[in-house]
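> next input, structure requested:
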Amino acid sequence: MRSGTRRRQPALAIAVVALFVALGGGTVYAAAKINGKQIRPNSLPGNRVAPNSLPGNRLAPGSVSGNRLQPGSISSDLLAPGTVSATQLAPGSVTGVQIDVATLGQVPTAVHADSADSARDAETALNAVNALDAERVNGHSAGCANGTRFFAGACWQASSSEAAVPAPTAAQACATQGGELPDALLLAAFSQQPGIVLAGDEWSGDIPTISALDMYGVATVSPSGQIGFAGSTTNHKYRCVIPLVT
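Below you'll find the model as predicted:
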């Protein structure tokens, strides 16, 4: 009886070992079959995940916040266009070198830049918004010539004519110079400017009275600024008013 019992002991030991191996192997096999759905939220800390073991396409949108990312861990070529808005950029993070100039529109404050807002020493200021020291405007001369003084928006001759002539002759002489005889009230005001002295009663361009064909009176201005009139055929000196732009 004893010998029979002893013979069965090795067989029992082998059976136990086989059972243990079977149970252990089943446990390992089961562990290899665990998927993401079987892992409870927050049950697996980040330091237990091997680098690059979890691809981006396995992450749910919004599952990883920005403060969980290490600086420089995501390169620009991994970002989809439009994923980062201007409000999310740190000040100074984008420089001019990184900006495609061709994508920028015209600066609002440079609307008039093409036609020059301010042109200094401009030969032609047709397209200038503000012309400083321009010699010509739209092809015309600008400014007062020597011997004239800027007054009331035009260039007034500082001295009277050398000869005294009838009013029609004086008007024709001014027209030849591109100007005209002055208005009587403005001539009276001009006579009071510093350094201006009228040569007696000078002709103006005003006609206060007409008595008959080619018989009329023309307003005159005295050195003191008094306004009178004289027959158009009498002789008086005059001065012309030249436009600022000719």
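
> quick one: residue 100 from residue 205, how far?
To residue 205, residue 100 is 64 Å away according to Cβ to Cβ, to the nearest Å. Using the backbone N, CA and C atoms, a C-beta is placed for each residue, glycine as well.

> between the two, who's got more neighbours?
Using other Cβ atoms under 10 Å as the criterion, residue 100 and residue 205 rank with residue 205 on top: 20 against 6.

> pretty sure that one is touching residue 182, no?
Yes - contact criterion Cβ atoms under 8 Å: residue 205 and residue 182 qualify, at 6.3 Å.

> and the closest residue to residue 201 other than its chain neighbours, how close does it get to residue 166?
Closest residue to residue 201 apart from its sequence neighbours, by Cβ to Cβ, 6 or more residues apart in numbering: residue 220 at 4.0 Å. Applying Cβ to Cβ, the value for residue 220 to residue 166 is 12 Å.

> look at these two and report which has more neighbours.
residue 220 (23 against 17).

> check for me that the more buried one belongs to a strand.
Yes - under DSSP: H, G, I helix; E, B strand; the rest coil, residue 220 falls within a strand.

> mind listing what it touches?
Counting by Cβ atoms under 8 Å, 6 or more residues apart in numbering, residue 220 makes contact with 184, 201-204, 227-230, 236.

> that one and residue 142, how far apart?
When residue 220 is compared with residue 142 (using Cβ to Cβ), they lie 32 Å apart.

> now do the residue nearest to residue 201, the pLDDT please.
Residue 220 is assigned a predicted lDDT (pLDDT) of 98.

> bridged to it, which residues?
residue 203, residue 228 (DSSP bridges).

> residue 210 now?
With DSSP bridges as the rule, residue 210 is bridged to residue 216.

> for residue 241, what are phi and psi?
Torsion angles at residue 241 (phi, psi; degrees, to the nearest 10) stand at phi -110, psi 120.

> list the contacts for it?
154-157, 174, 179-182, 186.

> go on, residue 201?
Contacts of residue 201 (Cβ under 8 Å, 6+ apart): 220-222, 228, 230, 236.

> now the helices for the chain?
Listed in chain order, the helices of the chain (DSSP state H) span 2-32, 167-176, 184-190.

> least reliable of the ones you listed going by mean pLDDT?
Lowest mean pLDDT within the helices of the chain: helix 2-32, at a mean of 53.

> how is the chain carved up into domains?
Per automatic domain parsing, the structural domains of the chain span 2-32, 113-142, 148-243.

> residue 90 and residue 168, how far apart?
Distance from residue 90 to residue 168, counting by Cβ to Cβ: 82 Å.

> and those two? Which one has more around it.
residue 168 (13 against 6).

> chain neighbours aside, what residue packs nearest to the more buried one?
residue 232 (6.3 Å).

> ok, residue 226 next?
Residue 226 sits nearest to residue 188 (Cβ to Cβ, 6+ apart), 7.5 Å away.

> and residue 224, by the same measure?
Using Cβ to Cβ, 6+ apart, the nearest residue to residue 224 is residue 191, at 7.6 Å.
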